[in-house]
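[1] 3D, please:
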Amino acid sequence: MKKFRKVLDGLTTSSPVNPGGSPGCGSAAGTPSAAPTPRELEIQETLMSEHFQICKTVRHGFPYQPTALAFDPVQKILAIGSRSGGIRILGRPGVDCHSQHESGAAVLQMQFLINEGALVTACADDTLHLWSLRQRLPAILHSLKFNRERITFCHLPFQSKWLYVGTERGNTHIVNIESFILSGYVIMWNKAIELSTKTHPGPVVHLSDSPKDEGKLLIGFESGTIVMWDLRAKRADFRIYYDEAIHSVSWHHEGRQFMCSHSDGSLSMWNMRNTAKPFQVTFPHGKTQRDGRKESCKPILKVEYKTSRNSSEAFVIFSGGLSYDKAGRRPTLTIMHGKAITVLEMDYPIVDFMVLCETPYLNEVQEPYAVVVLLEKDFVVVDLTQSNFPIFENPYPMDVHESPVTCTAYFADCPPDIIPVLYSIGAKHKKTGYSHKEWPVSGGTWTVGSQTYPEIIITGHADGSIKFWDATAITLQMLYKLKTSKVFEKPKTGDMGRSADLVEEDPYAVQMISWCPQSRIFCVVGISAHVILYRFSKHDANTIITSLELRLQCEMEDVISPSDTENTPCFSDPSGHSPQPQPPSPRSNTPDSVRDSIPCLKVKDRMIRMPPGYQAELVVQLLWVDGEPPQQITCLDLNSAYGLLALGNCNGLAVVDYLQKTILLCMSTLELYGSADPFQRLTRSPRKNRQSTSGLTELSDNQVSLDLERSKSPTSDHVNGHCTSPTSQPCPSGRARVPGGPEGPRLARRGPGRPPFRKAQSAACMEVSLPVSSLTEESRENSFSRSRSSSVSSIDRETKEAVTTLQFAESYGRKSDSLPTPCLWVGTSLGLVLIIPMSIPTDEQERQEDPVTVAPTGTVLMLKGSVLRFGFLDCGGALINSPYEVWRDQHAPDDPDRPRKRKLVNFSPSSSQEACGDGHLAVVCSERQAKVFYMPSQACLYVHNITESSFVLRADVVSVSNSVCLACFCANGHIMILSLPSLRPLLDVSYLPLTDMRIARTFCFTNGGQALYLCSPTEIQRITYSQEMCVNLQETLGELFTPIETPEAQNRGFLKGFFGGNAQTFDREELFGEASAGKASRSLAQHIPGQGGIEGMKAAAGGVVGDLARARIALDERGQRLGELEERTALMMTSAETFSKHAHELMLKCKDKKWYQF
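    Prediction:
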């Protein structure tokens, strides 16, 4: 425990203006005021570096770009491989694990070692990997890298340790699963086909052993050649040459016939007795045309042929095969059962599918009960036991990406009653028609840990929808869905032009969300420059939505006078981008007069019935001005205790009283300074309709054209032509700010989901381009790019000062204040902080009637870089939470005994400071720097330069281990933790090598040492930076492997076992082992030992549960071996008794015979 002492002596004024007139970056620069009595501030900091560690916890959502599918029918767990080398292993709800191949190569195929707790993956870099699933975090035990041949297909027979591997050259190799070494036994393509064949058969596309005889291997080549290879005799039993290319092969369980799917949309059936030609060829979706020919059909990519005891007819299930002339039809899965053909249309292309069967043995009646269908963007399981083939309700959160995610918010330690309430409301709107049977992927075990607390994740989407997710423990379950588009009228075809300049496809896309869990008030910021305020109610209501319109358009230009580099350290690094003309909007032919004082969207102005849940109460919209669309909203804050809502953009600030439905303040950023402007402004004549710099890029999924450099003639009105508060004054004429000298332009910056920005840096500048609703897949996947700026000597370096962050708090607006009052802290893109005090009536009746007074005081603090976050601590170092209103249902029936009154919970800084006296600490973090100020004196106690080579994208003041710290995420992928209030670096980890736009837009910290971000367009990655949580992670994850007895084969009896069993069984070890087959060439494949054996056991050793599980597994295996030994002993005893009996009978028979009688 370390004590930090700071003597507050000789406190100075807050004005950062020096006598020489140049701005400074700290609040201590200025004329000293009367020094108060020296006071010693003692704060004990408990957080140390050892309290922090970064690790991933769990990944939610649908695996992005899936490529492969596998299922263990005994363990009942499922694996999905992806193009980026990821593996998701799913079991019962709570059993959800993500692992990653270090190479990042796409997963081509996967095979479970059934009931062995292991998985084999074949990747696009021609490497085989053996994963151990017997610990909570899977690990690679072995890898085998093929050097000269490319892997195309793998097959692992049930209860075999020899893996068949087919290659692009047409050869088949055999790998020992235990040692992961190639066998010397190789089936060469030129030996598999006839010597007279002149063409290469193509890559191996199928391998399977015959259900009737394990010593026979069926090899399918892409060209249409099929070979039945006798493994013992090392020769081909028969060869089939078919005209059409083969995509897949499936056996009948008796091993007498098999079915092939072909590239012409046909299915061919082959009988083992006569392989000269197929005994049946069908085109399931090809109709006969008038000329007698079949319609041309698409390839059938996969077919499965399964039998059932209850029906003499087999199931034939396949994907594809539709005729080409049916354009626009969705991808289909066809189920043929007898004469009945059912076609299931899918929303996305089918990647792979698997039929789930009751038995793992291929030579038994399969009894299919479900089909797992892996789509490009969805995961569906179809129930085969019911005639209408319903789908199962998916327990996993696979629909995170139902509409592209545009913003996220993470709330830990929520009020305990909020999750049940949201779930009960959301359950009423769930879809019906699902199968009533239990979810078939039910493997693994998971229990809720003891140290859990309510957590909620909120996602905003491109279609304007909001989803609330229960994220308690490591699970994710959707609670409630809200559609913000229902607030607006559906735009007519002609009206789309109003918002088309802002957004192309998604006018309702969500940019930001602000939620107060205690009061249950929810605010949404949309891309069309609108804010919607919702209140929660358990009752439906008929209401009219109030609409307020703001004319928040900057109608002036300000110029910053030239100054030295040393005097303007708040600007960006010396590098800039010259403005380039932007092409005019294709919809800009409409006269300017038509697009003046109108919003982008039209709010419904009629009585609306709202169901229980979140109900819209107020909509605030920014208006078009003189034919130019409103700038997007960059920041928002809401305070339920004050009943106020504040929003800002690159033009200015507005404060709305949502209780009285009035606008209190609507001012440009320059007006907020008054006489305390830290820069000298030089007035110039306005230029009309200046185009924006084309270098500005969007923080949204749409590349939206926005004019940041607009300047207009002054107007006298702010809201519908009238001043709506005593503090809103007509905008004087002026010019936009220009940083002088070599500093270059300081363009408006914003965090995730905020207005456009570009960060200019030294030679290699980081260019941020965050997409929102996405026109193309590439635009969504824009990443941070490094480029060299060639426009350092830009002539026109104008920019506006954007409001980048806002926060309501009980604070001190002036140095002379003795008591804290409600204040609004405002941070700007130039690193300036303004404190605006407010006078709010305390009586409930007066609050509804009397106006709220907002009076900017000119108090200014300064930092380097755009301001991102505020936080407030008392003099003991504890976090001061914002005051809030306790939730009350406004639409509940009136109770005369208990009138509904506002109940406020206030966290005043002076309430717990008898020992420390008055005052509190203010933490201000910008994209470059963090400072801690003492209020009300505004003295800077601590300063820390977070980064010089990059910039901070996200910063939050969070609670960890009963203390407080500042968590920062930088554009270069670093995660930094700073102590509070001393700003000591506690952690600096390069978590991501280079951050892309999606991560920058969605990264957020929360209390308890947790954070999340969107790691792909369809997946949410949760991480922790708490050492305690990293240590306890093993206990919170689910067990992937549970000891289960392998079901016995039906045809395995005592007599067959005693007399040698099935004559067709053979010893693979004898055939493929080194003793008989020899060693494979070392140059063919390279064995790479994995770290999973040691690390996996270390990971599994992290807890009593792991010890018990291992002991249980070992006991089960020992019992199994003892059982096998006992059975062998019984067989030997029976054999010995039989031999003794025969010997005794022979002895008696020969006892009395003479020698000559033999």
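[2] Gln1034: what secondary structure?
    Taking DSSP: H, G, I helix; E, B strand; the rest coil as the rule, one finds Gln1034 in the helix state.
[3] from Gln100, how far off is it?
    Using C-beta to C-beta, to the nearest Å, Gln1034 is found at 18 Å from Gln100. For glycine as for every other residue, the C-beta is placed from the backbone atoms N, C-alpha and C.
[4] quick check, Met838 in contact with Thr857.
    No. Using C-beta atoms under 8 Å, Met838 makes no contact with Thr857, being 10.8 Å away.
[5] what's the distance between the spatially most central residue of the chain and Leu156?
    Taking C-alpha atoms, centre = their mean, the centroid of the chain lies closest to Ile1020, which sits 1.9 Å from it. According to C-beta to C-beta, Ile1020 stands 33 Å off from Leu156.
[6] can you give me the helices in the stretch 601-750 of the chain?
    669-673 (DSSP state H, counting those that start in this stretch).
[7] surely Ala1130 is in a helix?
    Yes. Assessed by three-state DSSP, Ala1130 belongs to a helix.
[8] averaged pLDDT, stretch 265-285. What do you get?
    The pLDDT scores in stretch 265-285 average 92.
[9] and that stretch, C-alpha only, in PDB?
    Written as PDB, here are the backbone C-alpha positions of stretch 265-285 (Å, rounded to 0.1, in the frame of the first residue of the first chain):
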ATOM      1  CA  GLY A 265     -27.400 -32.400 -59.800                       C
ATOM      2  CA  SER A 266     -27.900 -36.100 -60.000                       C
ATOM      3  CA  LEU A 267     -27.700 -38.900 -57.400                       C
ATOM      4  CA  SER A 268     -26.400 -42.300 -58.400                       C
ATOM      5  CA  MET A 269     -26.900 -45.600 -56.500                       C
ATOM      6  CA  TRP A 270     -24.400 -48.300 -56.800                       C
ATOM      7  CA  ASN A 271     -24.600 -52.000 -55.900                       C
ATOM      8  CA  MET A 272     -21.600 -53.900 -54.700                       C
ATOM      9  CA  ARG A 273     -22.600 -57.000 -56.800                       C
ATOM     10  CA  ASN A 274     -22.600 -55.100 -60.000                       C
ATOM     11  CA  THR A 275     -20.300 -52.000 -60.300                       C
ATOM     12  CA  ALA A 276     -20.400 -51.800 -64.100                       C
ATOM     13  CA  LYS A 277     -23.100 -49.200 -64.000                       C
ATOM     14  CA  PRO A 278     -25.300 -47.500 -61.300                       C
ATOM     15  CA  PHE A 279     -28.600 -49.300 -60.700                       C
ATOM     16  CA  GLN A 280     -30.400 -46.000 -60.200                       C
ATOM     17  CA  VAL A 281     -29.700 -42.400 -61.300                       C
ATOM     18  CA  THR A 282     -32.100 -39.700 -60.300                       C
ATOM     19  CA  PHE A 283     -32.300 -35.900 -60.700                       C
ATOM     20  CA  PRO A 284     -34.400 -34.900 -57.700                       C
ATOM     21  CA  HIS A 285     -35.000 -31.400 -58.900                       C
END
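[10] SS state for the closest residue in space to Gln660 that isn't next to it in sequence?
    Nearest residue to Gln660 in three dimensions, chain neighbours excluded: Gln848, at 6.8 Å (C-beta to C-beta, 6 or more residues apart in numbering). Using three-state DSSP, the structure places Gln848 in helix.
[11] number of residues surrounding Gln848?
    Gln848 has 12 neighbours, counted by other C-beta atoms under 10 Å.
[12] isn't it up against Leu659?
    Yes. Assessed by C-beta under 8 Å, Gln848 is found in contact with Leu659 at 6.4 Å.
[13] now the phi/psi pair for the closest residue to Arg606 other than its chain neighbours, please.
    Leaving aside its chain neighbours, Arg606 sits nearest to Ile544 (7.1 Å; criterion: C-beta to C-beta, 6+ apart). Backbone torsions of Ile544, given as degrees, to the nearest 10, read phi -110, psi 130.
[14] mind listing what's buried along stretch 616-633?
    With burial defined by 16 or more other C-beta atoms under 10 Å, the residues of stretch 616-633 counted as buried are 616-633.
[15] repeat that for stretch 267-283.
    Using 16+ other C-beta under 10 Å as the test for burial, stretch 267-283 gives Leu267, Ser268, Met269, Trp270, Met272, Pro278, Thr282, Phe283.
[16] now the strands for the stretch 101-250 of the chain?
    Assigned strands in the stretch 101-250 of the chain, in chain order: 107-113, 118-123, 127-132, 139-146, 151-155, 162-167, 172-176, 181-187, 204-209, 216-221, 225-230, 235-241, 246-251 (criterion: DSSP state E, counting those that start in this stretch).
[17] could these go into TSV alongside mean pLDDT?
    Output for these, formatted as TSV (pLDDT from 0 to 100):
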stretch	mean pLDDT
strand 107-113	96
strand 118-123	96
strand 127-132	96
strand 139-146	94
strand 151-155	96
strand 162-167	95
strand 172-176	94
strand 181-187	92
strand 204-209	95
strand 216-221	95
strand 225-230	94
strand 235-241	92
strand 246-251	95
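[18] so which of those is nearest Lys903?
    Lys903 sits nearest to strand 139-146 of all those, at 53.0 Å, using C-beta to C-beta.
[19] what sits against the residue nearest to Arg606?
    Counting by C-beta atoms under 8 Å, 6 or more residues apart in numbering, Ile544 touches Asp605, Arg606, Met607, Ile608.
[20] same question for Gly224.
    By C-beta under 8 Å, 6+ apart, the contact set of Gly224 is Tyr241, Tyr242, Asp243, Glu244, Ala245, Ile246, His262.
[21] could you find the closest non-adjacent residue to Lys1079?
    Spatial nearest neighbour of Lys1079, excluding adjacent residues (C-beta to C-beta, 6+ apart): Gly184 at 5.4 Å.
[22] give me the number of residues near that neighbour?
    Gly184 has 15 neighbours, counted by other C-beta under 10 Å.
[23] test my guess that it contacts Glu1074.
    Yes. Assessed by C-beta under 8 Å, Gly184 is found in contact with Glu1074 at 7.0 Å.
[24] show me what contacts the nearest residue to Phe1072 once chain neighbours are set aside?
    Nearest non-adjacent residue to Phe1072, counting by C-beta to C-beta, 6+ apart: Ser183, 4.2 Å away. With contacts defined as C-beta under 8 Å, 6+ apart, the neighbours of Ser183 are Trp162, His173, Ile174, Val175, Asn176, Phe1072, Gly1073, Glu1074, Ala1077, Ala1080.
[25] cutoff 6 Å now
    Ile174, Phe1072, Ala1077 (C-beta atoms under 6 Å, 6 or more residues apart in numbering).
[26] cool, Ser99 as well?
    For Ser99, the contacting residues are Ile87, Pro138, by C-beta under 6 Å, 6+ apart.
[27] so where does it fall, helix or strand?
    Element membership of Ser99 [criterion: DSSP states H and E] is strand 96-100.
[28] using PDB, list the CA coordinates for that strand.
    Presented in PDB, the C-alpha positions along strand 96-100 are these (Å, rounded to 0.1, in the frame of the first residue of the first chain):
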ATOM      1  CA  ASP A  96     -19.000 -22.700 -25.400                       C
ATOM      2  CA  CYS A  97     -15.300 -22.600 -26.100                       C
ATOM      3  CA  HIS A  98     -13.300 -20.800 -28.800                       C
ATOM      4  CA  SER A  99      -9.700 -21.800 -29.800                       C
ATOM      5  CA  GLN A 100      -7.500 -20.500 -32.500                       C
END
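[29] show me which residues of it are buried.
    Across strand 96-100, burial judged by 16+ other C-beta under 10 Å covers Asp96, Cys97, His98, Ser99.
[30] what about the helices in the stretch 1001-1150 of the chain?
    Under DSSP H, counting those that start in this stretch, the stretch 1001-1150 of the chain gives helices at 1027-1031, 1033-1036, 1054-1058, 1068-1072, 1074-1077, 1092-1100, 1104-1151.
[31] give the contact list for Thr121.
    Listed by C-beta under 6 Å, 6+ apart, the contact set of Thr121 reads Val107, Met110, His129.
[32] ok, and the closest non-adjacent residue to Thr288?
    Leaving aside its chain neighbours, Thr288 sits nearest to Lys294 (6.0 Å; criterion: C-beta to C-beta, 6+ apart).
[33] good, we can wrap up now.
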